[in-house]
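Chemist: sequence first, then the predicted structure, then my questions.
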Amino acid sequence: MADIPEFTIQPANTTLEEYSAVNLSCSANVGRPGGIVTIWKRSHISDERIQLGNSSSSVTDTGNCSDYANLLITYNLSRSDHGFIFGCTSKNKHTNDPAPSKEVGPRTILCKYIVILL
């Protein structure tokens with residue numbers, strides 16, 4: 001059975017500027033047989049998750065019937081991410097839904113305006 005993942009966003013600010021980049025990091029004990037972690041986002045008014053990336057199969061065999069999976073994504077924020085919650089899920093073929101997850105958010109995205117002087 002997969003464990004609840006460790007999930008971080010850097011920078012950790014809840015208010016960020018449009019077009020800035022954030023690092024989304026997820027890792028988890030995904031159990032045996034090896035599994036994956038998935039990073040996603042969803043609107044604060046919906047349960048629909050938009051997948052941003054999956055790890056490949058688990059990467060670290062600890063020798064005690066546990067495998068770990070890791071994923072790091074650099075994600076560029078846009079205006080449409082305002083109010084979104086970011087999260088991570090861990091699972092293997094024996095994990096029942098809902099899979100163990102951790103969420104962070106919602107995030108406030110400040111619009112960047114360009115001023116052109118004539």
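Modeler: That came through fine.
Chemist: give me every residue that touches the residue positioned nearest the centre of the chain.
Modeler: Against the mean C-alpha coordinate of the chain, by C-alpha atoms, centre = their mean, the closest residue is Ile39 at 3.2 Å. For Ile39, the contacting residues are Phe7, Leu24, Cys26, Gln51, Leu52, Gly53, Asn54, Leu71, Ile73, Phe86, Gly87, Cys88, by C-beta atoms under 8 Å, 6 or more residues apart in numbering. In short, each C-beta sits where N, CA and C put it, glycine included.
Chemist: where's it relative to Leu110, distance?
Modeler: 23 Å (C-beta to C-beta, to the nearest Å).
Chemist: neighbour-wise, give me the winner out of the contacts of Ile39.
Modeler: Cys88 (28 neighbours; other C-beta atoms under 10 Å).
Chemist: contacts only, for it.
Modeler: For Cys88, the contact set (C-beta under 8 Å, 6+ apart) comprises Pro5, Phe7, Leu24, Cys26, Ala28, Val37, Thr38, Ile39, Trp40, Leu71, Ser101, Lys102.
Chemist: just those now: which is nearest Cys65?
Modeler: Nearest to Cys65 among the contacts of Cys88, counting by C-beta to C-beta, is Ala28 at 14.8 Å.
Chemist: quickly list what that closest one is bridged to.
Modeler: Here Ala28 sits in beta bridges with Ala69, going by DSSP bridges.
Chemist: that one contacts Ser101, correct?
Modeler: No - Ala28 is beyond contact range of Ser101, at 9.8 Å (criterion: C-beta atoms under 8 Å).
Chemist: identify the contacts common to those two.
Modeler: Shared contacts of Ala28 and Ser101, defined by C-beta under 8 Å, 6+ apart, comprise Ile4, Pro5, Cys88, Ser90.
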